[in-house]
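> Give me the fold of what follows.
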Amino acid sequence: MDQLALLFIVLLGAVITVPLGDRLGLPAPVLMTLLGIGLALLDFVPNVDIPPGLILPTLLPPLLYAAVRRTSWRQFTANKRPIFLLAVALVFVTTFCVAVVSHSIVPGLSVAAAVALGALVAPPDPVAATTVAGQLGLPRRLVSILEGEGLFNDVTAIVLYHVAIAAAVSGEFSAWRAGLDLVLSAVVAVAVGLAIGWAANKLLGLLGDATLQIGLTLLVPFASYVLAEELHGSGVLSVLTTALFLSEYAADADDVLTRLAGHTVWEVVDTLVTGIAFGLVGLELHNALRTASGRWGELLGWAGVVVGVLVVVRLLWLLPATWLTQRLHARRDRDEDIPTTWRETVVMWWAGMRGVASVALALAIPLKTDSGAPFPDRDEIVFIAFGVIIATLVLQGLTLPWLVRRLGVRADTEREKAFEEELAGRASKAARKRLREIEAVEDLPEELSEQLLRRAFDIGLRISPQLGDEERREGHDKRVRRLKRVRRIHNEMLSAARHEVLAARSEPGADPEIVDRVLRHLDVRSLR
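Numbers count the residues shown, from 1 in each chain. Okay, here's the model as predicted:
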């Protein structure tokens, strides 16, 4: 088996593990990791051979961009205090603690290499955590915190990682220089991210065609990352800035086709890239076995100590940080998402699984220093990182559902339902307001006005049937039943039309391009 065949197997596994995870009640990232481990144990499966310099720019930009599409600038600003405590302060504290412990227990491990190890294992993985959270029906505020923490802790950890790697490679380190690099990296990244976001927004308006627009969004995160890195900025922060800018300013409410198609495309990209990343976690078992040959006890002991440090530090930080956030929240009545009980805090603690970012950073460690010597203790660092990822991802990922059920943490469905009803009412009200504006300038027949007014009410009732009085709901139900019948018959008519047009593709003299154009028209009619 060669590398290309292995890639296709991993991609196939990324697709299969999603429905399999739903059936088994297990997170797809955990299953992909187990699949990678299973492949690594087979003799005919080759070692993964990816240049370290390609890991980060290949995996992180699409994953970050896809994650930001699920959040918003308002959510970020409303949760800036919890995000700062978890994504910035906690990453610094975790990196420091892991660096101190690993430097003391691993013989000969330099300070810079120890900091690099601490930085790459510090950030919990947002993909694994939110995937598990989504399946368990956790409160939306917890999912929001996990998403925000996952996005911004990657930024903090990767900047620290680059500073530590640069010090280890060059053999020189200056605290004030590192601090200056951190600030400059952030400033350059934000500037590049805003510039790419602004330019992409303008291009999206000029392109017009949905296919070209979606193609541009696939290129944007890579362009933002690479340009920022070329200018010595943080590529991750740049992608984050670009994605937040586009989510805020590039949304066109009337561009339905692009939004639906773009959502589907990015779901596919997110699934495949996530599968590759977690598959790589498992496939790294090849290298881990080679590194641990004859040293199992020693290396497993180091990895176990680091796992213990990560788990204990996260718990000891979350308890006072959550208490402080709750006090400030009560005093200032801020609109932010915070854990409201100790049970939710415990769930947040146990959801701190490591994954994509950690494996990407571990594999991206250079093979050699500037002097041409091998990177100090690279194999040991990668083994420890691999042990941390497997222990947290598999152990915590498999036990988190049990813990959530045991603690009885559930989503506030009444609040979510109330907000959905509120949005449905606002949508219906906006439709009726627009109808009145049209009636003021156009002479509409009374029968047509009444029909359009019913449709305006139906907009809200279709979203939330609880809206409106009993008589209006009954009328809506009758119209829905009639509409479903008409739609069923209409869909069968369109299906017959599609089959006929598709059959024409194999007829002599048929132009396949024209056939596809007519078929696309019928598909759009079916979608509507």
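> Please report the distance of residue 77 from residue 507.
59 Å (CB to CB, to the nearest Å). Any C-beta I mention is one placed from the backbone N, CA and C, and that applies to glycine too.
> If you count surrounding residues, which of the two has more?
Set residue 77 next to residue 507 and count neighbours by other CB atoms under 10 Å: residue 77 wins out with 11 against 8.
> what helix or strand is that one on?
Element membership of residue 77 [criterion: DSSP states H and E] is helix 73-78.
> Just name the shakiest helix or strand of the chain by mean pLDDT.
Taking mean pLDDT, DSSP states H and E as the measure, the chain has helix 126-136 as its least confident helix or strand, at a mean of 62.
> and whichever strand or helix holds residue 450, what other elements does it pack with?
Following DSSP H and E, one finds residue 450 within helix 446-463. Judged by 3 or more CB pairs under 8 Å, 6 or more residues apart in numbering; DSSP states H and E, helix 446-463 is in contact with helix 413-441, helix 470-503.
> Distance from the chain centre to it, please.
On the basis of CA atoms, centre = their mean, to the nearest Å, helix 446-463 sits 38 Å off its chain's mean C-alpha point.
> before we move on, the earlier item: name the next helix or strand following the helix holding residue 77 along the chain.
helix 80-83.
> As CSV, could you dump the C-alpha coordinates of that next one?
Below are the C-alpha coordinates for helix 80-83, written out as CSV (Å, rounded to 0.1, in the frame of the first residue of the first chain):
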residue,chain,number,x,y,z
LYS,A,80,-14.8,37.7,25.7
ARG,A,81,-14.2,37.3,29.4
PRO,A,82,-14.8,33.5,29.5
ILE,A,83,-12.8,33.2,26.3
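> so who does residue 122 touch?
90, 91, 94, 95, 98, 153, 157, 160, 310 (CB atoms under 8 Å, 6 or more residues apart in numbering).
> Let's see that with 7 Å instead.
91, 94, 95, 98, 157 (CB atoms under 7 Å, 6 or more residues apart in numbering).
> will you turn those residues into CSV that also has pLDDT, secondary structure and neighbour count?
Formatted as CSV, the contacts of residue 122 follow (pLDDT from 0 to 100; DSSP: H, G, I helix; E, B strand; the rest coil; neighbours: other CB atoms under 10 Å):
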residue, pLDDT, secondary structure, neighbour count
91, 88, helix, 25
94, 92, helix, 24
95, 92, helix, 26
98, 94, helix, 25
157, 84, helix, 27
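> could I get the residues you listed as CSV with distance to residue 108?
Formatted as CSV, the contacts of residue 122 follow (distance: CB to CB, whole Å):
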residue, distance to residue 108
91, 26
94, 23
95, 20
98, 17
157, 24
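> which intervals of the stretch 51-200 of the chain have sub-threshold pLDDT?
52-53, 70-76, 78-79, 86-87, 126-137, 140-141, 173-175, 178 (pLDDT under 70).
> Could you pull out the helices in it for me?
Here the stretch 51-200 of the chain has its helices, by DSSP state H, counting those that start in this stretch, at 52-68, 73-78, 80-83, 90-105, 111-121, 126-136, 140-170, 175-207.
> Pick the most buried one from those.
The highest mean neighbour count among the helices of the stretch 51-200 of the chain, using mean count of other CB atoms under 10 Å, belongs to helix 111-121: a mean of 27.
> For the top helix by length along the chain, buried residues please.
The residue-count maximum for a helix in the chain (DSSP state H) belongs to helix 296-332. By neighbour count on 16 or more other CB atoms under 10 Å, the buried set for helix 296-332 is 299, 302-303, 305-307, 309-311, 313-314, 317-318, 321-322, 325, 329.
> where does residue 45 land in three-state SS?
coil (DSSP: H, G, I helix; E, B strand; the rest coil).
> tell me the centre residue of this structure?
With distances taken as CA atoms, centre = their mean, residue 67 lies nearest the centre of the chain, 2.9 Å away.
> To residue 12, which of the helices and strands packed on helix 446-463 lies closest?
helix 470-503 (27.6 Å; CB to CB).
> Could you list every helix and strand in contact with the closest one?
Judged by 3 or more CB pairs under 7 Å, 6 or more residues apart in numbering; DSSP states H and E, helix 470-503 is in contact with helix 446-463, helix 512-527.
> where does the stretch 251-400 of the chain dip in pLDDT?
251-257, 292, 326-340.
> How are the helices of it distributed by residue range?
With helices called from DSSP H, counting those that start in this stretch, the stretch 251-400 of the chain shows them at 256-283, 285-291, 296-332, 342-350, 356-363, 378-390, 397-407.
> got CSV for these, with distance to residue 437 too?
Output for the helices of the stretch 251-400 of the chain, formatted as CSV (distance: least, CB to CB, whole Å):
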stretch, distance to residue 437
helix 256-283, 22
helix 285-291, 64
helix 296-332, 40
helix 342-350, 46
helix 356-363, 49
helix 378-390, 57
helix 397-407, 49
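> Which one of those lies nearest to residue 180?
Closest to residue 180 of the helices of the stretch 251-400 of the chain, according to CB to CB: helix 356-363, at 22.3 Å.
> Show me what counts as buried in the closest one.
Neighbour-count burial for helix 356-363 flags 356, 357, 358, 359, 360, 361, 362, 363 (criterion: 16+ other CB under 10 Å).
> I'd say the third one and residue 124 touch.
Just to be clear, that refers to residue 358. No - distance between residue 358 and residue 124: 9.1 Å, which falls outside the contact criterion (CB atoms under 7 Å).
> Next one: residue 376 from residue 489, what distance?
Residue 376 sits 72 Å away from residue 489, going by CB to CB.
> more neighbours, these two?
residue 376 (17 against 10).
> residues in contact with the more buried one?
By CB under 7 Å, 6+ apart, the contact set of residue 376 is 110, 113, 168.
> ok so, going back, ok, the contacts of residue 122 vs residue 56, which is closest?
residue 157 (11.9 Å).
> Chain neighbours aside, what residue packs nearest to residue 498?
Nearest in space to residue 498, with sequence neighbours left out and distances taken as CB to CB, 6 or more residues apart in numbering, is residue 522 at 5.2 Å.
> same question for the helix or strand containing residue 219, mean pLDDT?
Per DSSP H and E, residue 219 falls inside helix 210-230. Helix 210-230 carries an average pLDDT of 90.
> Using PDB, write down the CA coordinates of the very next helix or strand once past that helix.
Downstream of helix 210-230, the next assigned helix or strand under DSSP H and E is helix 235-249. C-alpha atoms of helix 235-249 as PDB (Å, rounded to 0.1, in the frame of the first residue of the first chain):
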ATOM      1  CA  GLY A 235      -1.700  32.500  10.200                       C
ATOM      2  CA  VAL A 236      -4.300  31.100  12.600                       C
ATOM      3  CA  LEU A 237      -5.300  34.500  14.000                       C
ATOM      4  CA  SER A 238      -5.400  35.800  10.400                       C
ATOM      5  CA  VAL A 239      -7.800  33.000   9.300                       C
ATOM      6  CA  LEU A 240      -9.900  33.600  12.400                       C
ATOM      7  CA  THR A 241     -10.100  37.400  11.700                       C
ATOM      8  CA  THR A 242     -11.000  36.800   8.000                       C
ATOM      9  CA  ALA A 243     -13.700  34.300   8.800                       C
ATOM     10  CA  LEU A 244     -15.300  36.600  11.500                       C
ATOM     11  CA  PHE A 245     -15.200  39.500   9.000                       C
ATOM     12  CA  LEU A 246     -16.900  37.500   6.300                       C
ATOM     13  CA  SER A 247     -19.500  36.000   8.600                       C
ATOM     14  CA  GLU A 248     -20.400  39.600   9.700                       C
ATOM     15  CA  TYR A 249     -20.300  41.400   6.400                       C
END
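> which parts of helix 235-249 are buried?
Within helix 235-249, the residues that count as buried by 16+ other CB under 10 Å are 235-247.
> Make CSV out of those residues and add distance to residue 281 and pLDDT.
What follows is these, written out as CSV (distance: CB to CB, whole Å; pLDDT from 0 to 100):
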residue, distance to residue 281, pLDDT
235, 21, 85
236, 19, 82
237, 24, 86
238, 25, 91
239, 22, 90
240, 23, 86
241, 28, 89
242, 27, 92
243, 24, 88
244, 28, 86
245, 31, 88
246, 30, 86
247, 29, 80
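> on that earlier part again, out of the helices of the stretch 51-200 of the chain, which comes closest to residue 433?
That would be helix 73-78 among the helices of the stretch 51-200 of the chain, by CB to CB, at 23.9 Å.
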